[in-house]
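In: Mind folding the following:
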Amino acid sequence: GHSMQYMYTLIPMHIHIPFWAGHRDQTTVIDRPTTRMRPSMTAWSSAALLVVFASLVLATPMPFPLPAHVSFGQCELDPLSPQPQLNGCATARPLTPTVTVGCSAEPGCSSTCTSSALFQGTFSRYSARLSLGEPAQGEGGSGGGSQNSHHSARASRTPSSNQPTTATDQPTNSVDHGSTPHWWVLNNTNCNLHDLALQCTGLSIDQCKTRCEADPGCAGFLYTPRTGSFQLKNASCWVDVGPLPPADYGDELYVMRPSPQPAPLPAVGVPLSSVEICVSDPSEHLGSATDEGYTLTVPVDGVATVSALSIFGAMHGLESLTQLLDVRVGSGAVTSIPSCPVNITDAPRFEYRGLLIDSGRHFLPVSHVKHVIEAAAMVKLNVIHWHLVDSVSFATCSDKFPTLCTEGAYPNAQSPSSINVSKAMYRKADLVEVVAFAKSRGVRVVPEWDVPGHGGWSFGMPELSTLACADALDVTRPELYDFLTAFLSEMGDIFTDELLFLGGDELATSCFDGSPSIAAWMKAHGLNSSSTEQYFWQQMSARVFPKLNRTISVWRADNPNKGPQGVNMPSNTVFNVYQSLVTAWSQTIPRGLQSVVSIAGSNWYLDSQCGGYNQNAWKCVYNLKGPSGSWLGDPTWPSAESALLKGGEAAMWGEGINKDNFDAFVWRAATAAAERLWATEQSLGCPDTVCPGITGQRPAAYWLHDNPARLADQLCRMSSRGIRTGPIDPGFCPSDADTGTPTIEDELQRLEAENAALRVLLRRAQPL
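Out: The predicted model follows:
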């Protein structure tokens, strides 16, 4: 191996120590020195510690959401701060003009990779993106010229001062410390192990010495008495000690010596020309049980690799790879991946990470729905909950019941148009196209048709509605259940996801009391309006649901007496808690009910934005607190109850939102929500003020409130692909400027618009 070129040098008043950088999430065994040096305490009586760095490089672009485990460079560079880094620790790999993405031939990789249209479509799409060198950050690379004005002062990382300690007198052998930046600090009567990946461990003075000497990766410890001080200015190197203890506090000072480093790397490495994908499971099924984890490796030379159990995990890995790109602007500039080697291991926290879109209140054209799906995939959301109909429109076309959309689609009797336009409707071909497009991006489409209230059914099927309320179904009519079975079965051939959402919220039970025939029926059956609503769900469970082969999902209000009740629903029903987070904690999960949260009361209804100014709406979405610390889990829950929480979704209700203002309203806050659904509090460094009692976590600098630059970077990436997110702070994205030259993305959007216009012409020429 390479001999140690960075040495501790004893000079008057100072120690010159090496930089051994950054966060350590994945341990790598490296041979470690066993020699120790023990300079006398008197030699250091007035010394201070300084760190001398060989060079400065920019921070590495970070994928979004924050990966669970990530390391950059062969000495584990910290990707979040603009810290100085040693020459030779990492290399930047430029991308060749054409980067190929293809199947790995390694053992264990699926042989169907080359023949699958889904696999090959994914590879082709990301090959184009890597070859185009789409911007992953602002102009000038990581941190330079992004939206966020704080990029030049990325948060430094300091170990938490209030992390719990555990007393022990035995060395820890389960974690390798050899290549990790760590040292023992003896402060008062406690010995603390400072390590970015571990908790501090409190020991007595004697125990500290014993443990330090027993650990071959720790060459010593620093002893400071009650009159002394120890400060770690950031988690990399800066160590300030003063005043040092007088001689009568001890006669030794142990100084840590890091492990030898590998041979230094060149500043610019071998150009990257290919990425190999290894997917071990050939199945192309996308659902709640799909494994979406992945590993991504970009070595200093050779091919980059993405490994995953499923093709959908591989998609996430490829998306993360594009987000590592550092795109420079100017003559002769090249796209590169800085700080190689890169190693990422990642997987989502929740199986359901959703965004609700509402085309019932404002029609969203197919091209825009696909635009939303594309953006969702960029932040690793995996569910589009599509609210297709509402009391004001019914745009879903049915071959069996054509009047539903011919009468219900905009413009309709309730919302006429003075302009002669074609109906705004979704034909079967449109819906099939959206579902296939979403799957190609690893996104599930969960359709919603509201029953028995505000579903717009009366436009095309007035005979099934109550007399008192046009948007409420007459639940007393036996033929209603035959109709719903037929309609929903037809839709099930289009929407193939396991979940079927049927609303169930906000039914005005006065619609039953105000309809004479229903009132008479209720009297004859000894029911009131509330129990008649439950009668409807009992009939659905007995007569309709068994024929659909779907898992049913419905809304759950705070009022336990409103909407579908667990006792009347199939045992595997997923309840979407849409008002208060505490309802999931107190009503659904304790009763054994599967739950998803969309929590309007916690600002996840994106049309009702918080934070004063629009650009700040992401903050309260991200900083959500739960009743027991960890916002999406209760530490007191047994594992069986924790498993009932399937995830959450942000909701973009469409009363005041259409395709023209959708992006700016949605994506700043929805991107923040996506990270909370993907990553754990531990990996995000959730501060105690938000997540009290969360232990074993990264420093708080990973938390978006402490490092909004990560969000600004991601929004710039999205803007570069045509997602008009808007900024969160004063600043600049390259997409802000009008260069006068159409980009590849502009050309792709122009072609998509032409195709959409041609599809409209074809549909007008076709019968329903």
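
In: Could you use CA atoms for every contact and neighbour count after this?
Out: Noted.

In: host element of the nearest residue to Cys103 once chain neighbours are set aside?
Out: Once flanking residues are discounted, Cys103 sits nearest to Ile277: 5.0 Å by CA to CA, 6 or more residues apart in numbering. Per DSSP states H and E, Ile277 falls inside strand 272-279.

In: Can you list the strands that that strand pairs with?
Out: Neighbouring strands of strand 272-279 in its sheet, by DSSP bridges, are strand 91-103 (parallel), strand 304-308 (parallel).

In: Which helix or strand lies directly C-terminal to the last one?
Out: Heading C-terminal from strand 304-308, the first helix or strand you meet, by DSSP H and E, is helix 311-323.

In: which SS class is the nearest residue to Tyr605 once chain neighbours are set aside?
Out: Excluding its sequence neighbours, the residue lying closest to Tyr605 (CA to CA, 6+ apart) is Ala651, at 4.8 Å. At Ala651 the chain is in strand, as set by DSSP: H, G, I helix; E, B strand; the rest coil.

In: With distance to Cys686, mean pLDDT and mean neighbour count added, can I get the strands paired with strand 272-279 in JSON lines?
Out: Formatted as JSON lines, those follow (distance: least, CA to CA, whole Å; pLDDT from 0 to 100; neighbours: other CA atoms under 10 Å):
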{"stretch": "strand 91-103", "distance to Cys686": "31", "mean pLDDT": "92", "mean neighbour count": "21"}
{"stretch": "strand 304-308", "distance to Cys686": "28", "mean pLDDT": "98", "mean neighbour count": "24"}
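
In: how about those in a markdown table, adding distance to Ser465?
Out: Shown next, in a markdown table, are the strands paired with strand 272-279 (distance: least, CA to CA, whole Å):
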| stretch | distance to Ser465 |
| --- | --- |
| strand 91-103 | 54 |
| strand 304-308 | 49 |
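
In: Please look at the residue nearest to Tyr605 and Ser598 and confirm they touch.
Out: Yes. In this structure, Ala651 is within contact of Ser598 by CA atoms under 8 Å, at 6.7 Å.

In: quick revisit: which residues pair with the residue nearest to Tyr605 across the strands?
Out: Leu356, Tyr605.

In: quick one, what contacts Ser440?
Out: Leu118, Gly121, Thr122 (CA atoms under 8 Å, 6 or more residues apart in numbering).

In: in the stretch 51-200 of the chain, which segments are predicted with low confidence?
Out: 51-59, 75-87, 132-200 (pLDDT under 70).

In: cool, and the chain?
Out: If you take pLDDT under 70 as the line, the chain has these spans: 1-59, 75-87, 132-262, 327-333, 611, 626-639, 693-696, 739-749, 763-768.

In: Give me the secondary structure label for Gly108.
Out: Secondary structure assignment for Gly108 (three-state DSSP): coil.

In: for the strands paired with strand 272-279, which one sits closest to Glu754?
Out: Closest of those to Glu754 is strand 91-103, at 27.0 Å (criterion: CA to CA).

In: list the buried ones in whatever helix or strand comes next after that closest one?
Out: Remark: after strand 91-103, the chain's next helix or strand is helix 117-132, criterion DSSP H and E. Residues of helix 117-132 classed as buried: Leu118, Phe119, Thr122, Phe123, Tyr126, Ser127, Arg129, Leu130, Ser131, Leu132 (neighbour count, 16 or more other CA atoms under 10 Å).

In: To Ile589, which of the strands paired with strand 272-279 lies closest?
Out: It is, among the strands paired with strand 272-279 and with distance given as CA to CA, strand 304-308, at 31.3 Å.

In: Kindly export that closest one (C-alpha atoms) in PDB.
Out: Extracted C-alpha coordinates of strand 304-308, given in PDB (Å, rounded to 0.1, in the frame of the first residue of the first chain):
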ATOM      1  CA  ALA A 304     -20.300   2.600 -13.200                       C
ATOM      2  CA  THR A 305     -22.800   0.100 -11.800                       C
ATOM      3  CA  VAL A 306     -26.300   0.100 -10.500                       C
ATOM      4  CA  SER A 307     -27.500  -3.100  -8.700                       C
ATOM      5  CA  ALA A 308     -31.100  -3.700  -7.600                       C
END
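
In: sorry, back to before: show me which of the contacts of Ser440 is closest to Ile518.
Out: Out of those, the member with the shortest distance to Ile518 (by CA to CA) is Leu118, at 50.8 Å.
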